[in-house]
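Student: fold the stuff below for me.
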Amino acid sequence: MNLTDVFQGLRTKTADGEEYMAYGGDFGDEPNDGNFVMDGLLFSNHTPTPGLIEYSKAIEPVQVLGGSKDKVKIINRYDFATLDHLKCEWSLVSDGSKKVGKEVKIPKGLKSKPMRSLPLMFHRNAARRNCGTSNRRSL
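Tutor: You can find the predicted model right below:
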């Protein structure tokens, strides 16, 4: 990250004491850049903006392309690296409950760009037991 990735506001207070991040013409300066410096990936206090979360999703090295009840399709988006250094686990999420699944074995040496279908292994009764009653489905 560099300075252009961060909102460049300064913590300031209004006349009645309310704190805010000031920028652009908030200091009475003319001319100014308007909101030009408030468009980064981090807020001025260095917490992430929704844009940073979206960016991290866009550049993630492994993308899930779809799947079914017993398989998941992934693609390696690295240009040169394999996925050998990664561990993959699945979980079943329903109505606020989460059932951690098992590890999904990623084949060793998976080169850049090929799409692969990986099997999902789970115990059928355990998965059914942990689904919310309103969303219960056959697996």
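Student: domain ranges for the protein, per the record?
Tutor: With domains defined by automatic domain parsing, the chain comprises 3-54, 60-133.
Student: how about the strands in this protein?
Tutor: 10-13, 19-22, 62-67, 71-76, 88-94, 97-104, 115-119 (DSSP state E).
Student: export these to TSV and tack on mean pLDDT and mean neighbour count?
Tutor: Just so you know, the C-beta spots here come from the backbone N, C-alpha and C atoms, and that holds for glycine as well. Listed next are the strands of the chain as TSV, based on pLDDT from 0 to 100; neighbours: other CB atoms under 10 Å:
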stretch	mean pLDDT	mean neighbour count
strand 10-13	85	11
strand 19-22	84	13
strand 62-67	85	12
strand 71-76	88	17
strand 88-94	83	14
strand 97-104	83	13
strand 115-119	82	13
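Student: K87 - how many residues pack around it?
Tutor: K87 has 9 neighbouring residues, counting by other CB atoms under 10 Å.
Student: I'd say G51 and L41 touch.
Tutor: Yes: proximity of G51 to L41 meets the contact threshold set by CB atoms under 8 Å, at 5.4 Å.
Student: quick one, which of the two is more surrounded?
Tutor: L41 (18 against 13).
Student: and the lengthiest helix in the chain, which residues are buried?
Tutor: Longest helix of the chain, by residue count under DSSP state H: helix 50-58. For helix 50-58, a neighbour-count test (16 or more other CB atoms under 10 Å) marks L52 as buried.
Student: what pLDDT, on average, does it get?
Tutor: Averaged across helix 50-58, pLDDT comes to 89.
Student: list of residues touching that helix?
Tutor: 41-42 (CB atoms under 8 Å, 6 or more residues apart in numbering).
Student: same question, stretch 101-121
Tutor: Under the contact criterion CB under 8 Å, 6+ apart, stretch 101-121 has outside partners 65, 67, 69-84, 86-92, 122.
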